[in-house]
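J.: need a 3D model of the following:
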Amino acid sequence: MEPWSKIGVALLGCALTASAQIPEKFTNLKVLPPDMPRAELVEVMKGFTRSLGVRCSTCHMGEEGKPLTTYDFASDEKQAKRNARLMLQMVKEINGKHLTAVMPESGAKPITVTCYTCHRGSRQPAGPAPVPPPAPKAGS
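T.: Numbers count the residues shown, from 1 in each chain. Predicted coordinates:
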């Protein structure tokens, strides 16, 4: 399985469902591998939509409800698409550089983060977990 599948990248927001509307050739891939197979790229885009609760038009130039053939997927006009690329680079670095140094317990799967790790189905990442109160002092 490709590392991008493990990342489960989820930011560009493109739940491509109608195969006839999906371009055969992709252009302007800057973070994802330019030779990524079509089926794999579509699954990555679906992962973005599930992880962030967004649709294709969040990152891509196109009107919601219109056929995907009318979208300009290569355009970099939307800030959300540029942000997605930065987030993908961050996830790649966390998984490839930092988490590879964390040794899993015997028999455990290696630790990785995905878009869902922080976003949990929401466009905005979840805030940090609340800090538990300090333990009561002995004899209190």
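
J.: I'd guessed H119 sits against P125; true?
T.: Yes: assessed by C-beta atoms under 8 Å, H119 is found in contact with P125 at 5.4 Å. The C-beta positions use only the backbone N, C-alpha and C, and glycine is treated the same way.

J.: pick out whichever of those two has more residues nearby.
T.: H119 (21 against 13; other C-beta atoms under 10 Å).

J.: do you know the pLDDT at that one?
T.: Among the per-residue scores, H119 holds a pLDDT of 94.

J.: OK, contacts around it?
T.: For H119, the contacting residues are A10, S51, L52, G53, P125, A126, by C-beta atoms under 8 Å, 6 or more residues apart in numbering.

J.: wait, a helix at the second one?
T.: Looking back up the chat, that one is S51. Yes: when DSSP: H, G, I helix; E, B strand; the rest coil is applied, S51 is found to be in a helix.

J.: hmm, it is touching R123, no?
T.: No: checked against C-beta under 8 Å, the pair S51 and R123 is beyond contact range at 9.9 Å.

J.: check P33 and give its pLDDT.
T.: What the model reports as pLDDT for P33 is 93.

J.: H60 too?
T.: Reported pLDDT for H60: 96.

J.: so what does it have for phi and psi?
T.: The phi/psi pair for H60 (degrees, to the nearest 10) reads phi -110, psi 150.
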